[in-house]
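In: Provided below are the primary sequence and the corresponding predicted coordinates.
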Amino acid sequence: MIYYDRNKNSSAVSPREVRDYSSAFTIVELLVVIVVIGILASITIVSYTGISSRAVSAGLQSDLSSAASQLKSYQAIYGSYPTTMVSNCPTAPVADSAFCLRGSGSNIMGYSSNGTIFNLSNVNSNGTTYVMSDTKAPRLITGNLTAQASPTIAAGTAPYHVIVSPDGKSVYAVNKTSANISMYSRDATTGALTALGTPTIAAGANTQGIAISPDGTSVYAANYDVNNISMYSRNTVTGALTALGTPTIAAGTAPRGIVVSPDGTSVYVANYIDNTISMYSRNASTGMLTALATPTITAGTFVRGMAISPDGKSVYATNQTSNDVSMYSRNTTTGALTALATPTIAAGTAPYGITLSPDGTSVYVASYTAATISMYSRNITTGALTALATPSIATGAGAEIVAVSPDGVSVYVTNYDVNSVSMYSRNTNTGNLTLLGAQTIATGTNPFGVAISPDGNSVYVTNQGTTTLSLYSRN
């Protein structure tokens, strides 16, 4: 055995200290190895991500197709689709009256239906969203809007609110200053609008609100300056409106918001100055309205926007000056409203527009001065609203009107002061909103009303300053 003497100049070393330096890596070689490993790792990650993404998409589509098949079997047996459905039902069997959906894995399914058509959504925990309807196969949704090839169409002076007919064939906009209604036919494929041969029909002075019956045969307009409601029959083939024999019915002072119940038997109008809601019964055959025996119910200060739940059991109204939302239960037999035990819930400053999700579990309120959307969950039994843990989300300046897509996965709000629409994705399980990547899309000057087609493919916005409608396609 040879030992190394550290005090002598000897080249002898212990076998334990022998190093074969001739086989060591150089720095360059190490760098090459690291680079190669990095490339291989990247390829592996990309491949895995692609496979994982395809698996998520396949699972979402499979859930939807399976649910649609079951729904169509249900419709064949009972003659209509269920109008309510419980998402993520328990594993235990449930009765047909509690028809439910359960997505596979972490998928959350949503559902809405009027009994004749249905819309399904399915959202993965990573945010990937697919939707389908009774007539359309599953498709990926981002919710982003794109201006149509012809991005605008002329309207009357100061167009206010806009609606799309339930059959998707017609669009109507009330024109505040010209006191009339613009009438358009809609291309079901492209979403493009064409003014009818007779492009407008007269309304009362300072027309602000508009609503259409669920069967598409009646249209109603609120006339702010003359305190009444104009009543029209609609030709379901041509889309043309005709004033009824008795063309108007009295409302309260300065009517603005107006809604028709999902069963078509009731109409409600927000009277801005006298802080009441007018209540009417509707003749389904003629479209005529009749004031209820108790014709009004008290609301908050400067009541403005109106919304009714898809199940017809709840009515909500925004109160611009008292900065809250009035909540009512609705008697589905008589149409009469009753204030809830806790009659209001706080909103942002100057709440204007209000809407519900198609499944009736969420309510959203656009507040003009606060530049926010207030977000609430709705108790589907009592109708009471509860602010979400994160109670609001920012909009652009001057938030006016808010709308939810028929599939329940997208929300849009008009920003009057900055000429844009803010775009959000909606978590169909929690109701929370998240701004899309694009966040906003440009409109004309002073956008106010917003409406979405029943197929969810088109969005329309009224531009008061440029007397136009902006036309968008929705992914």
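Out: Yep, it's here. Residues are numbered from 1 along each chain as shown.

In: the helix-or-strand element of the chain with minimal mean pLDDT: what's the following helix or strand?
Out: Least confident helix or strand of the chain, by mean pLDDT, DSSP states H and E, is strand 86-87 with a mean of 56. With elements assigned by DSSP states H and E, the helix or strand that comes after strand 86-87 is strand 100-101.

In: now do that next one: which elements does it pack against?
Out: strand 86-87 (3 or more Cβ pairs under 8 Å, 6 or more residues apart in numbering; DSSP states H and E). Any C-beta I mention is one placed from the backbone N, CA and C, and that applies to glycine too.

In: start to end distance for stretch 285-294?
Out: 23 Å (Cα to Cα, to the nearest Å).

In: stretch 59-75: which residues count as buried?
Out: Using 16 or more other Cβ atoms under 10 Å as the test for burial, stretch 59-75 gives 59, 60, 61, 62, 63, 64, 67, 68, 71, 74, 75.

In: now swap in stretch 450-470 and tell me
Out: 450-464, 466-470.

In: for it, measure first residue to last.
Out: End-to-end for stretch 450-470, by Cα to Cα: 9 Å.

In: I'd assumed residue 73 was in a helix, is it?
Out: Yes: counting by DSSP: H, G, I helix; E, B strand; the rest coil, one finds residue 73 located in a helix.

In: report the beta-bridge partners for the spatially most central residue of the chain.
Out: Centroid-nearest residue in the chain: residue 404, 1.0 Å away (criterion: Cα atoms, centre = their mean). Beta-bridge partners recorded for residue 404 (DSSP bridges): residue 411.

In: thought it was touching residue 424?
Out: No: counting by Cβ atoms under 8 Å, residue 404 stays clear of residue 424, with 9.5 Å between them.

In: is residue 428 in a helix, a strand, or coil?
Out: Assignment for residue 428 (three-state DSSP): coil.

In: grab the nearest non-local neighbour of it.
Out: Take residue 428 and drop its neighbours on the chain: the residue closest to it by Cβ to Cβ, 6 or more residues apart in numbering is residue 110, 3.7 Å away.

In: please report how far that neighbour lies from residue 101.
Out: For residue 110, the distance to residue 101 (Cβ to Cβ, to the nearest Å) stands at 8 Å.

In: check which helix or strand residue 146 maps to.
Out: With DSSP H and E as criterion, residue 146 is part of strand 145-154.

In: burial of residue 224, as a residue count?
Out: Residues within reach of residue 224, counting by other Cβ atoms under 10 Å, total 23.

In: scratch that, residue 109 is what I was asking about
Out: Residue 109, neighbours per other Cβ under 10 Å, totals 23.

In: what bridges to it?
Out: Beta-bridge partners of residue 109, as defined by DSSP bridges: residue 122.

In: list the contacts for it?
Out: 63-64, 67, 87-88, 101-103, 120-123, 428 (Cβ atoms under 8 Å, 6 or more residues apart in numbering).

In: dump the residues you listed to TSV, plus distance to residue 281.
Out: Putting these into TSV (distance: Cβ to Cβ, whole Å) gives the following:
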residue	distance to residue 281
63	41
64	39
67	37
87	34
88	38
101	35
102	40
103	41
120	34
121	34
122	39
123	39
428	34
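
In: of the residues you listed, which pair is most distant in space?
Out: Pairwise distances across the contacts of residue 109 peak at 14.8 Å for 64 and 88 (criterion: Cβ to Cβ).

In: pLDDT below threshold where in the stretch 201-350 of the chain?
Out: Nowhere does the stretch 201-350 of the chain drop to pLDDT under 70.

In: quick one: distance of stretch 327-343 to the chain centre.
Out: Distance of stretch 327-343 from the chain centroid (Cα atoms, centre = their mean, to the nearest Å) equals 24 Å.

In: got the buried residues for it?
Out: So, applying 16+ other Cβ under 10 Å, buried residues of stretch 327-343: 327, 328, 329, 330, 335, 336, 337, 340.

In: among those, name the ones in strands.
Out: 327, 328, 329, 330, 337, 340 (DSSP state E).

In: among these, which one lies nearest to residue 147?
Out: For these, the nearest to residue 147 is residue 327 (37.4 Å; Cβ to Cβ).

In: the closest one contacts residue 318, doesn't it?
Out: No: between residue 327 and residue 318 there is no contact under Cβ under 8 Å: 11.1 Å.

In: where exactly do the helices run in the protein?
Out: 27-78 (DSSP state H).

In: residue 183: which of the buried residues of stretch 327-343 is nearest?
Out: residue 335 (28.3 Å).

In: tell me the contacts of that closest one?
Out: 261, 265, 266, 279, 280, 281, 292.

In: what's the most distant pair in these?
Out: The most distant members of those, if one measures by Cβ to Cβ, are 261 and 292, lying 12.5 Å apart.

In: neighbour count: these two, which is higher?
Out: Set residue 261 next to residue 292 and count neighbours by other Cβ under 10 Å: residue 261 wins out with 21 against 16.

In: distance of that one from residue 250?
Out: From residue 261 to residue 250 the distance is 20 Å (Cβ to Cβ).

In: likewise residue 333?
Out: 24 Å.

In: what's the neighbour count on residue 79?
Out: With other Cβ under 10 Å as criterion, residue 79 counts 8.

In: again with residue 76
Out: 8.

In: repeat that for residue 118.
Out: Residue 118: 26 neighbours (other Cβ under 10 Å).

In: which one's more surrounded, residue 110 and residue 101?
Out: residue 110 (26 against 22).

In: thinking the more buried one is in contact with residue 360, fair?
Out: No: Residue 110 lies out of contact with residue 360 (Cβ under 8 Å); the separation is 11.0 Å.

In: now do the same contact list for the closest residue to residue 231 other than its chain neighbours.
Out: Closest residue to residue 231 apart from its sequence neighbours, by Cβ to Cβ, 6+ apart: residue 244 at 4.5 Å. Going by Cβ under 8 Å, 6+ apart, residue 244 touches 231, 232, 233, 286, 287, 288.

In: with neighbour count and distance to residue 146 as added columns, please give those in JSON lines.
Out: Output for the contacts of residue 244, formatted as JSON lines (neighbours: other Cβ atoms under 10 Å; distance: Cβ to Cβ, whole Å):
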{"residue": "231", "neighbour count": "24", "distance to residue 146": "37"}
{"residue": "232", "neighbour count": "23", "distance to residue 146": "32"}
{"residue": "233", "neighbour count": "18", "distance to residue 146": "35"}
{"residue": "286", "neighbour count": "14", "distance to residue 146": "41"}
{"residue": "287", "neighbour count": "20", "distance to residue 146": "36"}
{"residue": "288", "neighbour count": "17", "distance to residue 146": "41"}
